[in-house]
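Colleague: let me see the structure of the following:
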Amino acid sequence: MKVLTDNWSTYWEGFLGTLELTAVSAALALALGVLMAGCRVSPVKPLRTLGTAWVTVLRNTPLTLLFFAVLLGLPRFGISLPFFTFAVIALGCYTSAFVCEALRSGINTVPTGQGEAARSLGMTFGQTLGLVVLPQAFRSVVAPVGSVMIALAKNTAIAGSFSVVELLGTYRTVNELGYSIVWTFVWIAAGYLVITLAISAVFNLMERRLAVSR
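Modeller: Below is the predicted model:
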């Protein structure tokens, strides 16, 4: 406990940094994931191509490489942002590809008659997708999306190597003070466990409530 109590402020700052990074990146990932899922099932070929390219490139690119591309590439185009924002862009875009595929699998479970009925009522593709298809699709993909969010929380550890304050990066400060490296990582692991269990609990609750509303 001495490692934790003596370095509480350091751990707490890293814990809050990971929470903030996870929350903001998750919001971006969900927004982009929904948008790209819509592109993937769009009747417009250029949009389907865009969605396919987005998913194919990001799912097959190592996250660390994507971090380098964002942090080193965007400034070359005159885009100068805080390291935190760069990390959010990298994490959000990367995770959105997995959210997109989870949502697309859910969309495929919705009977085609639902979309046809909506179109027969004069609804546009956007209205059909947003008001009819996606609400039904999301019910079947709550658990997969939850798993993606848990993976996102753990992936934030990479941001510490790019000057972003987060939980894993606290080991450097604590280790420099001469504390046991083993216990340093034990408390870091405990912090990640708290975050991932909280995310899991939220999505389990959502899954049960949506299942009842069916």
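
Colleague: what about the helices in the chain?
Modeller: 2-6, 8-40, 45-59, 63-73, 83-107, 112-120, 125-127, 134-140, 142-155, 170-176, 181-213 (DSSP state H).

Colleague: could those be laid out in CSV, adding distance to residue 163, mean pLDDT and mean neighbour count?
Modeller: Placement of C-beta: from N, CA and C, glycine included. Formatted as CSV, the helices of the chain follow (distance: least, CB to CB, whole Å; pLDDT from 0 to 100; neighbours: other CB atoms under 10 Å):
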stretch, distance to residue 163, mean pLDDT, mean neighbour count
helix 2-6, 24, 70, 13
helix 8-40, 11, 92, 19
helix 45-59, 23, 94, 15
helix 63-73, 9, 91, 15
helix 83-107, 5, 93, 22
helix 112-120, 47, 77, 13
helix 125-127, 40, 79, 14
helix 134-140, 36, 84, 17
helix 142-155, 17, 94, 19
helix 170-176, 12, 75, 16
helix 181-213, 18, 85, 14
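
Colleague: now those as a markdown table including distance to residue 162?
Modeller: Supplementary listing: the helices of the chain in a markdown table, determined by distance: least, CB to CB, whole Å:
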| stretch | distance to residue 162 |
| --- | --- |
| helix 2-6 | 25 |
| helix 8-40 | 11 |
| helix 45-59 | 18 |
| helix 63-73 | 6 |
| helix 83-107 | 6 |
| helix 112-120 | 43 |
| helix 125-127 | 37 |
| helix 134-140 | 32 |
| helix 142-155 | 13 |
| helix 170-176 | 13 |
| helix 181-213 | 18 |
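
Colleague: wait, which of these is closest to residue 164?
Modeller: Closest approach to residue 164 among those (CB to CB): helix 83-107, 4.8 Å.

Colleague: counting contacts, what elements does the closest one pack onto?
Modeller: Other helices and strands packing on helix 83-107, by 3 or more CB pairs under 8 Å, 6 or more residues apart in numbering; DSSP states H and E, are helix 8-40, helix 45-59, helix 63-73, helix 134-140, helix 142-155.
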